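K.L.:
Fold the stuff below for me.
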Amino acid sequence: MLNLQMSHSKELAHMLILSLRVVFILVLLIFKNLHWTGMLFAKRANPYVNAFSQMEQLQVKCVQISKWKMVGQSNFSQRTKS
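P.N.:
This next block holds a predicted model:
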């Protein structure tokens, strides 16, 4: 009976170690993927990254607004001609 409990506890210990290894590897993979894409510690590592992305967003908005103005002006000139 005691021998059976010892082997059972050894199996549980091996399963626990194996599952901890799997979890550790998964966490490492997730960490590396986040680090490679620059999502992790982006604000702390480089404060200019956030400002640069905001500048890009502003540029896109300005281009959209200028396109809307051009479309609006052409629509207005077509309406006034007719």
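
K.L.:
Mark out where each domain of this protein begins and ends.
P.N.:
1-40, 43-82 (automatic domain parsing).

K.L.:
Pick out the shakiest of these, pLDDT-wise.
P.N.:
Among the domains of the chain, domain 43-82 has the lowest mean pLDDT, at a mean of 70.

K.L.:
Stretch 23-32: which residues count as buried?
P.N.:
Buried residues in stretch 23-32, counted by 16 or more other CB atoms under 10 Å: none are found. (Each C-beta comes from the backbone N, C-alpha and C, glycine too.)

K.L.:
Over to stretch 6-14?
P.N.:
For stretch 6-14, using 16+ other CB under 10 Å, no residue counts as buried.

K.L.:
what's the helix or strand for residue 25?
P.N.:
helix 2-37 (DSSP states H and E).

K.L.:
before we move on, what about residue 61?
P.N.:
Using DSSP H and E, residue 61 falls in helix 47-81.

K.L.:
Look up how far residue 16 lies from residue 23.
P.N.:
To residue 16, residue 23 is 11 Å away according to CB to CB, to the nearest Å.

K.L.:
same check, this time on residue 61
P.N.:
Distance from residue 61 to residue 16, by CB to CB: 54 Å.

K.L.:
Same question for residue 53.
P.N.:
43 Å.

K.L.:
can you check residue 70 too?
P.N.:
66 Å.

K.L.:
Could you do residue 58 as well?
P.N.:
53 Å.

K.L.:
And residue 27, by the same measure?
P.N.:
Residue 27 is 16 Å from residue 16, where distance means CB to CB.

K.L.:
Ok, residue 64 next?
P.N.:
Plainly put, residue 64 is 56 Å away from residue 16 if you go by CB to CB.

K.L.:
same thing with residue 24?
P.N.:
Taking CB to CB, one finds residue 24 at 12 Å from residue 16.

K.L.:
same check, this time on residue 26
P.N.:
Separation of residue 26 from residue 16 (CB to CB) stands at 16 Å.

K.L.:
can you check residue 57 too?
P.N.:
Residue 57 sits 48 Å away from residue 16, going by CB to CB.
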